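Undergrad: the following comprises the amino acid sequence and a computationally predicted model.
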Amino acid sequence: MLNTEYRQSAQLPANPRPIVSIGLGGIVHDAHYPAYKLAGFDVVGGFDINDERATMMAGKFGIPQLFNSLSAAIKAAPKDAVFDIAVPGSAIADILREIPQGRAVLIQKPMGDNLAAAREILSICRERELIAAINFQLRFAPFIIAARDMISRGALGELYDIEFRVQCNTPWHLWEFLFPLPRVEILYHSIHYIDLLRSFCGTPHSVYAKTMSHPTAPDLRGGTRSMIIMDYGENPRVNVMTNHSHAYGPEKQQSYLKFEGSKGAIQIRAGLNMNYPDGVPDRFEYALLADGVEAGWQTLDIRGSWFPEAFIGSMASLMRYVNGEANSLPTAVEDAILTMATVEAAYESSERGATPLPAV
């Protein structure tokens, strides 16, 4: 029997820093601010180009000060503040150029719209000596923290097979800014899984991928279905499969992460993807092999979920690093660019197409 007393939550900073928000869109409403409230983090001000949106957010979440420009927000920010930047990828670089030298920033994924943009963002962060991280928050979901702890203790042995599968009916209309973009599914959705799998397995040698649109969503030209194989050689087998157009009711919808190893397996239902944004309950199940005993599946109770609890961890890890309480920054831009390189490889593989059949 596995000892179930292991971590499920991120370690909080001893001295949380004030937060200044740049961008107050849907992800801030649904996840950033609810997470910060749970953690006791203090949002001291915010700016959004949409004044009506900013006013609504201030009223709902009690933001003490709204700014009428980016420069005003930066000027008024406390010296020890963390800038929480949540804007489309195309806007990130210009904002970073305005952030004062040496400050801390948490940037909502993706790290730009492509690898070239990611390189530009990395260059700006280096030139301005910014302590910068990308908000790849799935790494900090309670069920992921629990799985990582279980795996690090050797409960699963050597990992052989890892898979993230999503088959659901995603309400893309909630993100209107995505519709004109040439890249959507991998860059804005499966990037979470690519980054997560990288955090367990390292950066893959190469990638095989195919991403495509769906006849029921012709206006979303950046794709709604993807198959991604991350190549690590013989082991582990690592892949991502997504279909966001499963419009046949909830019964056969799926959203799971599976780990299989030499000594056991974990399967996690990430319920947020199903019936989004309300989601369905997460589920964490595991089976361990023992000599002479038939493997049986057990359930672990998980406290919290991807939204909003995972967003505590991404901000907490940055604060702890800036405070000198941690020696590493897991989602630093220096690491995140390798996720962007993996995403770029997936798109290049998709564009090149499959190997034609040889002549018979």
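TA: Yes, it's here.

Undergrad: I figured residue 194 hits residue 238, correct?
TA: No: the criterion here is CB atoms under 8 Å, and residue 194 misses it with residue 238 at 9.6 Å. C-beta: built from backbone N, CA, C; applies to glycine.

Undergrad: name the residues contacting each of those two.
TA: Listed contacts common to residue 194 and residue 238 are residue 230; contacts here mean CB atoms under 8 Å, 6 or more residues apart in numbering.

Undergrad: residue contacts, residue 125?
TA: Contact analysis of residue 125 by CB under 8 Å, 6+ apart lists 96, 105, 132, 333.

Undergrad: among these, which one has the most neighbours?
TA: residue 132 (28 neighbours; other CB atoms under 10 Å).

Undergrad: which residue ranges form the strands in the stretch 151-300 of the chain?
TA: 159-167, 206-212, 225-231, 237-243, 254-261, 264-269, 283-288, 297-300 (DSSP state E, counting those that start in this stretch).

Undergrad: re earlier: look at residue 194 and residue 238 and report which has more neighbours.
TA: Legend: neighbour count by other CB under 10 Å for residue 194 and residue 238, higher for residue 194 (28 against 22).

Undergrad: which residue packs closest to that one, ignoring adjacent ones?
TA: Leaving aside its sequence neighbours, residue 194 sits nearest to residue 342 (CB to CB, 6 or more residues apart in numbering; 5.2 Å).

Undergrad: for that neighbour, give me phi and psi.
TA: Dihedral angles of residue 342 (phi, psi; degrees, to the nearest 10) stand at phi -70, psi -40.

Undergrad: and it, how close does it get to residue 167?
TA: Distance, residue 342 to residue 167, using CB to CB, to the nearest Å: 22 Å.

Undergrad: more crowded one of those two?
TA: Set side by side, residue 342 and residue 167 show more neighbours around residue 342, with 23 against 19, by other CB under 10 Å.

Undergrad: thought that one was touching residue 204?
TA: Yes: between residue 342 and residue 204 there is a contact at 6.4 Å, judged by CB under 8 Å.

Undergrad: what is in contact with these two at once?
TA: Common neighbours of residue 342 and residue 204 (CB under 8 Å, 6+ apart) are 198, 230.

Undergrad: the closest residue to residue 340 other than its chain neighbours: which element?
TA: Nearest non-adjacent residue to residue 340, counting by CB to CB, 6+ apart: residue 118, 4.0 Å away. Following DSSP states H and E, one finds residue 118 within helix 115-127.

Undergrad: what are the buried residues along that helix?
TA: Buried residues in helix 115-127, counted by 16 or more other CB atoms under 10 Å: 115, 117, 118, 120, 121, 122, 124, 125.

Undergrad: after it, which helix or strand is next?
TA: Next along the chain after helix 115-127, taking DSSP H and E as the criterion, comes strand 131-135.

Undergrad: show residues contacting that following strand.
TA: Against strand 131-135 from outside (CB under 8 Å, 6+ apart): 86, 96, 102-111, 125, 311, 314-315, 317-318, 321-322, 329-333, 336, 339.
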